[in-house]
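1. Model the following, please.
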Amino acid sequence: MKENFDMFFRRKPTMMLVSLKRNSRMRYGSILAKEVDCTYSHAVKILQNLEILGLVIFEKKGRIKIINLTKKGKDVADAIENIQKIII
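-> Residues are numbered from 1 along each chain as shown. Below you'll find the predicted structure:
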């Protein structure tokens, strides 16, 4: 359980969730990797963990996977944004 909790207070996973929430256009792993300044393979690993936690889902369209937030993922992204507002 501690491992899941620690994940949300690391910069890259939180930036990915907030980015997915803020941008309504189609999102792929490579775009998110660029936005949060990490490698594609690192982004995929983070996204797989977020999927296991039920925060994102992948929708396959042809050869690419579109990434979407689940309701739970949107709630977590909202909470992260609220914490950012309090801190800043």
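2. For the rest of this, base every contact and every neighbour count on C-alpha atoms.
-> Noted.
3. Next secondary structure after the worst-scoring helix or strand of the chain on mean pLDDT?
-> Taking mean pLDDT, DSSP states H and E as the measure, helix 2-7 is the helix or strand of the chain with the lowest mean score, a mean of 55. The C-terminal neighbour of helix 2-7 among helices and strands, as given by DSSP states H and E, is helix 11-22.
4. and that following helix, what other elements does it pack with?
-> Applying 3 or more C-alpha pairs under 8 Å, 6 or more residues apart in numbering; DSSP states H and E, one finds that helix 11-22 contacts helix 29-35, strand 64-69, helix 71-87.
5. Ok, which of those comes nearest residue 58?
-> Within the helices and strands packed on helix 11-22, the stretch nearest residue 58 is strand 64-69; the backing value is 4.8 Å (C-alpha to C-alpha).
6. And that closest one, how far out from the chain middle?
-> Taking C-alpha atoms, centre = their mean, to the nearest Å, one finds strand 64-69 lying 10 Å from the centre of the chain it belongs to.
7. what comes up buried for that strand?
-> By neighbour count, with 16 or more other C-alpha atoms under 10 Å as the criterion, the buried positions of strand 64-69 are 66-69.
8. Need the contact partners of that strand.
-> Under the criterion C-alpha atoms under 8 Å, 6 or more residues apart in numbering, residues 17, 20-21, 26-29, 55-60 lie in contact with strand 64-69.
9. All good on my end, thank you.
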